[in-house]
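[1] here's my sequence, what's the structure:
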Amino acid sequence: EGQKSWKFAIISDTQGDNKDADYKTCINDEVLGIIAEDIAKEKPDLVLVAGDLVNGWFRNGGTDYDTQYANWKKAMLPVYQAGIKVYPIRGNHDSGPERLALPPLPAHLEPPPDTVQRLKETFRKHFADNPQNGPTEEKGLTYSFVHKNAFFIGLDQFAGNQHKVHQAWLDGQLESNRHPHLFVYGHEPVFGANHKDNLGYFPKERDAFWNAIGRGGGKLYFCGHDHFYNRALIPDDAGRLIRQIIAGTGGGVLKEWPGRYQDERAQGEYHNGKRQGYVLVTVEGFSVTVRWKALTQQTSGDVWQIPDTFSSE
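    Next up is the predicted model:
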C-alpha cells in the first residue's frame, strides 16, 4: 500500500568530559541540547539512542547515577515535550568497566564492587517504558519493537558476556519478523574501527550476528562507541551487503582515526571525525534514505550541514 514517508533519528555517545568543570553533569549539555532541539524540529516518529548516554561509572566527578540520567532527560526535554518516543540501550559507560579486550584498570580508576548492579538498576528505573520483551536477564536492556512498516531491535552488549549479543533470542526475533524494514542497533561496532573493545573480540559470535542480520533482510546496523561518524559496507558470509553506521557524535570528545578497520572485509565509504551531530533516517515505501546531520558551530546560530547521505532499496 502507498505508505507515507516517516522518519527516525539516531544519537549516540552524549556523555560529557569531566576534565572540564562544566561537565559535572556527566553529559555534554551544550551539544545534546542543540541536537535535541533540532530533532524536535525535524519531528521524527522516534529516536534510537545507541548507548553512552552519560559518563556513568567513569570520570563522573562524584555525580551519582540517578542525577546523571536526570540531567540527560533534562537536555532531551525538547524531544520528550514533542511527544517523540525515545528508545535507549546501554553503552560501556552505562554498564560498568571493560574487563576483556583492554588491559586491567589502574587501582585508582577501579569503581566500587556494586557499580554494575547499581548502573543497571538506575538505567532501568529511568527508562522503565523501554519494551520488556528481551531475554530474561536483559529485560528493558535488549528489546524489539514494531513501528509502521519496520522492525527495530536494540541490543545490550554488556548484560551477559561483554561484546556479545544474545544470539538465540535474536534469531527468534528475526524469524518472527514479517515487516519489510529491519533496523538493528547496539553500542559497539561489529567491525572495529578505533576502539579495540568491540564485537570483533569474539570473531565467531560476531560473524554469526552479522550473518543473522543479513539473513533477516537487514541492511543497516547503527552504533556508536567510536567518537566520530563512519559508514562502512561489509558483506556477510553469503555476500549480502550490510552497512555499519558509527554515529558516536552526540557530544563525547571527538577522536582522530587513521582509517584502518580491524577487519579487511570492511570497506569504508565515508568518514568524518570533526563534527558532532546525529543521523536521520527517512523510510518511504521500500526505500530508506540515511542522512548524517552535522553541527558546523556550537553557538546561537547553529548551522547544520548534511555531509553524508545515501539511499538503499
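[2] nearest residue to the middle of the protein?
    The residue lying closest to the centre of the chain (Cα atoms, centre = their mean) is Ala50, at 1.6 Å.
[3] show me the contacts for that one.
    Counting by Cβ atoms under 8 Å, 6 or more residues apart in numbering, Ala50 touches 10-13, 89, 91, 185-187, 222-224, 247-248. All C-beta atoms are positioned from the backbone trio N, CA, C, and that covers glycine.
[4] next one: it from Thr249, what distance?
    Counting by Cβ to Cβ, to the nearest Å, the gap between Ala50 and Thr249 amounts to 11 Å.
[5] same check, this time on Pro258
    From Pro258 over to Thr249 the distance is 18 Å, taken as Cβ to Cβ.
[6] pick out whichever of these two has more residues nearby.
    Neighbour count, other Cβ atoms under 10 Å: between Pro258 and Thr249, Thr249 has more, with 31 against 6.
[7] confirm for me that that one is in contact with Asn230.
    No: at 9.8 Å, Thr249 and Asn230 do not qualify as touching, with contact defined as Cβ atoms under 8 Å.
[8] ok so, going back, show me what contacts the closest residue to the residue nearest to the centre of the chain other than its chain neighbours?
    For Ala50, ignoring the flanking residues on the chain, the nearest one in space by Cβ to Cβ, 6 or more residues apart in numbering is Ser12 at 3.7 Å. Taking Cβ under 8 Å, 6+ apart, we find Ser12 in contact with 49-52, 91, 187, 222-225, 247-250.
[9] from those, pick the one nearest Val79.
    Val49 (10.1 Å; Cβ to Cβ).
[10] quick check, the closest one in a strand?
    Yes: using DSSP: H, G, I helix; E, B strand; the rest coil, the assignment for Val49 is a strand.
[11] the spatially closest residue to it that is not a sequence neighbour: what secondary structure?
    Leaving aside its chain neighbours, Val49 sits nearest to Pro88 (3.6 Å; criterion: Cβ to Cβ, 6+ apart). Put simply, Pro88 is strand when judged by three-state DSSP.
[12] what is the neighbour count of Pro88?
    When neighbours are counted by other Cβ under 10 Å, Pro88 comes out with 24.
[13] how about Phe209?
    Residues contacting Phe209 under the criterion other Cβ under 10 Å number 24.
[14] quick one, phi psi at it?
    phi -60, psi -50 (degrees, to the nearest 10).
[15] hmm, Gly200 and it touching each other?
    No: counting by Cβ under 8 Å, Phe209 does not reach Gly200; the two are 10.5 Å apart.
[16] confirm that Lys293 sits in a helix.
    No: the assignment for Lys293 (three-state DSSP) gives strand, which keeps it out of a helix.
[17] enumerate every residue touching it.
    38, 277-280, 304-306.
[18] among the residues you listed, who's most crowded?
    Tyr278 (30 neighbours).
[19] now for that residue, which secondary structure element holds it?
    strand 277-284 (DSSP states H and E).
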